[in-house]
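# Sequence isn't available, so here's the structure alone:
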């Protein structure tokens, strides 16, 4: 059965995903996503991606890579497309990650 609801935008899906995080992290990510904070967001995104690549070191991990992509996707089209694909995949395969009801079809 196909849903009659209009498809969600990438921003709506990202908001759903962020709402599933702890409140403190939600606040930080929402602050970083504001357009005026580009000067902090880009270096933070690059540092998170480097931390993901250096995941063999303690504290750093692969979890940092998607956070870096998410931050850089606000400003770089290549990462925006990647983020959109990942969000659509999550919406289809793991709707519970977004707090959505599972599709039982």
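Received, thanks. As the structure is a prediction and not an experimental result, all values here were calculated from the model. Numbers count the residues shown, from 1 in each chain.

# contacts and neighbour counts: CA atoms only from here.
Will do.

# ok, then the element right after whichever strand or helix holds residue 50?
For residue 50, the host element (DSSP states H and E) is helix 38-53. Proceeding N to C from helix 38-53, the next assigned helix or strand is helix 64-72, under DSSP H and E.

# same for that next one, what does it pack against?
Helix 64-72 is packed against helix 38-53, helix 77-93, with contacts defined by 3 or more CA pairs under 8 Å, 6 or more residues apart in numbering; DSSP states H and E.

# One more pass at 10 Å, please.
In terms of contacts (3 or more CA pairs under 10 Å, 6 or more residues apart in numbering; DSSP states H and E), helix 64-72 is packed against helix 23-33, helix 38-53, helix 77-93.

# Out of those, which is the most enclosed?
Neighbour counts (mean count of other CA atoms under 10 Å) averaged over each of these peak at helix 38-53, with a mean of 18.

# Could you check how far residue 67 is from residue 74?
Distance of residue 67 to residue 74, given as CA to CA, to the nearest Å: 12 Å.

# before we move on, what about residue 56?
Per CA to CA, residue 56 is found 28 Å from residue 74.

# So for those two, which sits in the more crowded spot?
residue 74 (18 against 11; other CA atoms under 10 Å).

# low pLDDT regions in the chain?
For the chain, the stretches flagged by pLDDT under 70 are 1-5, 104-105.

# Just want the most central residue of this protein.
residue 70 (4.5 Å; CA atoms, centre = their mean).

# from what I can see it touches residue 77, true?
No - Residue 70 lies out of contact with residue 77 (CA atoms under 10 Å); the separation is 11.4 Å.

# Many thanks, have a good one.
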